[in-house]
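Engineer: what shape does this take:
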Amino acid sequence: MTLKVLAIDDSRTIRELLRQVMEAAGFHFSAASDGVEGVARYAEVRPDVVITDINMPNLDGYGVISAIRQGSIDSTVPILVLTTESGDVLKARARAAGATGWIVKPFDDVSLINVVRRVTGRAG
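Structural biologist: Next up is the predicted model:
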């Protein structure tokens, strides 16, 4: 079964970079341009992993994490935060909301693929 990735980021460039990396790894890729769209797409896509930015319009990444964790559709899916932010307070807030991991932009393609595989139990 193909691993399904949902990326939520307001940057078209980042969404396209993620699309290229994820599809090259053989993953099914879906994207959303803000948190509100991302939460709606989550219900449609039923991804194996979510990659979300923090700073977005309409609903930030913390809101996305909370909505997924408090929702009725697979509330335990791994959620990776991909952002330019690296402060410990922000990381702690993301962890408290239910994030699985934190990756700082710019990302390394191979490392990101490895993390996605690891958090979804599909390493190897």
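
Engineer: now G61, nearest residue through space, not along the chain?
Structural biologist: Using CB to CB, 6 or more residues apart in numbering and skipping residues adjacent in sequence, the residue nearest G61 is I54, 3.8 Å away. Glycine gets a C-beta too; all of them are placed from N, C-alpha and C.

Engineer: typed the wrong thing, it's M56
Structural biologist: M56 sits nearest to D10 (CB to CB, 6+ apart), 4.5 Å away.

Engineer: I'd say that neighbour and I54 touch.
Structural biologist: No. D10 lies out of contact with I54 (CB atoms under 8 Å); the separation is 10.4 Å.

Engineer: so between the two, which is more surrounded?
Structural biologist: Each of D10 and I54 has its neighbours counted (other CB atoms under 10 Å); I54 has more, 22 against 18.

Engineer: quick one, helices of the protein?
Structural biologist: 12-24, 35-45, 61-70, 88-97, 109-119 (DSSP state H).

Engineer: among the ones you listed, which is nearest K4?
Structural biologist: helix 35-45 (6.1 Å; CB to CB).

Engineer: packing partners of the closest one?
Structural biologist: With contacts taken as 3 or more CB pairs under 8 Å, 6 or more residues apart in numbering; DSSP states H and E, helix 35-45 sits against strand 4-8, strand 28-32, strand 49-52, helix 61-70.

Engineer: mean pLDDT, mean neighbour count and distance to V115 added to the ones you listed, as a markdown table?
Structural biologist: Output for those, formatted as a markdown table (pLDDT from 0 to 100; neighbours: other CB atoms under 10 Å; distance: least, CB to CB, whole Å):
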| stretch | mean pLDDT | mean neighbour count | distance to V115 |
| --- | --- | --- | --- |
| strand 4-8 | 98 | 25 | 11 |
| strand 28-32 | 98 | 20 | 16 |
| strand 49-52 | 98 | 27 | 9 |
| helix 61-70 | 96 | 20 | 16 |
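
Engineer: if I look at the residue most central in space within the chain, how far off is A25?
Structural biologist: In the chain, the centroid-proximal residue (CA atoms, centre = their mean) is I51; its distance is 0.9 Å. The gap separating I51 from A25 is 13 Å, by CB to CB, to the nearest Å.
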